[in-house]
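[1] return a 3D structure for these sequence lines:
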Amino acid sequence: MSIIKIDMNSPEFQAELEKTIRFTDKVIAQFNWSYNPQEEINEGVQLGLARNKMMYNKRFCPCYMVEEVNGEYRSTDNRMCPCTTAIEKEIPEEGVCHCQIFCTPEFAAAKRQENQMEEVVHQHSRGLTKEECAALVNNSELDSDELIALLEARELGMVDFKLVDVREHMEWRMGHIQGADKLVPTSSFFQTLDEAKLDKNENIIVYCHVGSRSAHCARILTDMGYTKIGNLSHGIVSYGGKIER
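    The predicted structure is shown next:
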């Protein structure tokens with residue numbers, strides 16, 4: 001099984017995307033929620049929901065892995081939008097669902113204020129020693145600044161690792177982290193993992209949209225005997241480095 005490719009520009013996908021946007025609009029109205037002020041997050045989730053509807057005939061949460069069990073497709077933790085966990089726990093307790101598309105009006109207002117206050121430019125140092133690089137690349141969880149520093153150090157030959165995107169082909173086409181080495185989509189994870197030919201003893205860092213799928217894939221890789229797996233904790237939406245489109 002090869003990577004499943006969906007043409008974002010096809011009439012079929014665009015029609016499904018329009019239906020999905022109407023669907024998320026209805027969810028917002030039904031629960032008196034708000035959209036995340038960061039429009040790129042909402043767009044990414046809507047695209048993922050439309051993709052899953054086309055692939056599996058259900059709007060499974062795009063931040064979780066979908067697996068075939070006894071001839072039926074199932075999402076990790078039964079995450080189908082709007083998922084029970086978001087309705088009953090995440091939004092009431094945290095103000096936002098795991099995928100970050102749906103949130104309370106209060107969370108949205110606070111996020112808009114936070115976005116206005118954030119600095120546009122961040123300084124990153126190339127001054128890591130090899131020992132610091134070795135320690136950092138072995139972390140199981142990495143944030144944006146840490147991954148940027150490691151990619152810069154890799155350019156200088158100070159550290160070696162593989163950066164693996166576990167999102168879908170369509171998401172990769174929309175934009176991926178510059179320096180990503182492999183695409184191993186969760187929808188065809190085990191098949192494309194074989195094709196990627198990753199060494200079980202090399203450092204591997206995985207990432208997805210917001211960090212859920214990649215965390216799940218990291219656990220799978222560890223169970224399979226891969227010894228040095230790191231995860232970009234909050235996914236590509238948190239990444240402040242260069243994006244290749």
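
[2] strands along the chain, start to end?
    With strands called from DSSP state E, the chain shows them at 34-35, 66-69, 72-75, 102-103, 141-142, 162-165, 176-177, 182-183, 204-207, 229-232, 243-244.

[3] give me the helices and strands touching the fifth one, please.
    Other helices and strands packing on strand 141-142, by 3 or more CB pairs under 8 Å, 6 or more residues apart in numbering; DSSP states H and E, are strand 229-232. The C-beta positions use only the backbone N, C-alpha and C, and glycine is treated the same way.

[4] listing partners with orientation, what would you give for the strand it packs on?
    Strand 229-232 pairs in its sheet with strand 141-142 (parallel), strand 204-207 (parallel), by DSSP bridges.

[5] can you map out the helices along this protein?
    Along the chain, counting by DSSP state H, helices occupy 11-31, 39-56, 84-85, 91-94, 105-117, 130-137, 144-155, 169-174, 189-196, 212-223.

[6] now do the first one: distance to the chain's middle.
    In this case it means helix 11-31. Relative to the centre of its chain, helix 11-31 is centred 21 Å away, using CA atoms, centre = their mean, to the nearest Å.

[7] can you tell me what sits against that helix?
    6-8, 33-35, 42, 45-47, 49-51, 53-54, 59, 81-82, 87, 91, 101-102 (CB atoms under 8 Å, 6 or more residues apart in numbering).

[8] now do that helix against helix 39-56, angle only.
    Put simply, helix 11-31 runs at 120 degrees to helix 39-56, going by axes from the mean of the first three to the mean of the last three CA atoms, to 10 degrees.

[9] rounded mean pLDDT for helix 11-31, please.
    Average pLDDT, helix 11-31: 97.

[10] swap in the last one?
    Predicted confidence along helix 212-223 averages 95 (mean pLDDT).

[11] which elements pack onto it?
    Counting contacts by 3+ CB pairs under 8 Å, 6+ apart, helix 212-223 is packed against strand 204-207, strand 229-232.
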